[in-house]
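Trainee: Sequence first, then the predicted structure:
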Amino acid sequence: MDAAVKVKRPKISVEEMKRRRKIIDDGIQSNAIEGARHDCRIDPVLEAFIAGEFDISELVSRAKQALA
């Protein structure tokens with residue numbers, strides 16, 4: 001008997017992931033232009049946001065937690 005294989009599907013569409021990636025990339029670029037350095041400790045949080053694991057209302061608090 002074959003075991004069922006679960007395929008992990010994204011919670012949001014590919015188009016929404018692209019939109020979120022652009023938002024993040026634009027923000028990082030804008031901060032760099034202003035002289036702010038990107039801290040890679042928040043990268044897992046940004047990737048989770050892009051993947052649809054949470055919405056933008058949680059982004060700042062999760063990023064702050066990652067930097068604490």
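Mentor: Now that the structure is in, tell me what you want to look at.
Trainee: Just the buried residues of stretch 15-30, please?
Mentor: Judged by neighbour count using 16 or more other C-beta atoms under 10 Å, the buried positions of stretch 15-30 are 17, 20, 24. For the C-beta atoms, the positions are set from N, CA and C on the backbone; glycine is no exception.
Trainee: Does the lengthiest helix in the chain pack against any helices or strands, and if so which?
Mentor: Scanning the chain for the longest helix, with DSSP state H as the assignment, gives helix 14-33. Other elements packing on helix 14-33 under the criterion 3 or more C-beta pairs under 8 Å, 6 or more residues apart in numbering; DSSP states H and E are helix 43-50.
Trainee: Let me know the angle separating the helix it packs on from helix 14-33.
Mentor: Orientation note: helix 43-50 sits at an angle of 140 degrees relative to helix 14-33 (axes from the mean of the first three to the mean of the last three C-alpha atoms, to 10 degrees).
Trainee: Next secondary structure after helix 43-50?
Mentor: The C-terminal neighbour of helix 43-50 among helices and strands, as given by DSSP states H and E, is helix 59-67.
Trainee: mind showing which ranges of the protein have poor pLDDT?
Mentor: Within the chain, the stretches falling below the threshold (pLDDT under 70) are 1-10.
Trainee: who touches the longest helix of the chain?
Mentor: Counting contacts by C-beta atoms under 8 Å, 6 or more residues apart in numbering, the residues outside helix 14-33 that touch it are 10, 12, 38, 46, 49-52.
Trainee: list the contacts for Glu53?
Mentor: Applying C-beta under 8 Å, 6+ apart, we find Glu53 in contact with Lys11.
Trainee: how about 10 Å then?
Mentor: 10-12, 45, 47, 62 (C-beta atoms under 10 Å, 6 or more residues apart in numbering).
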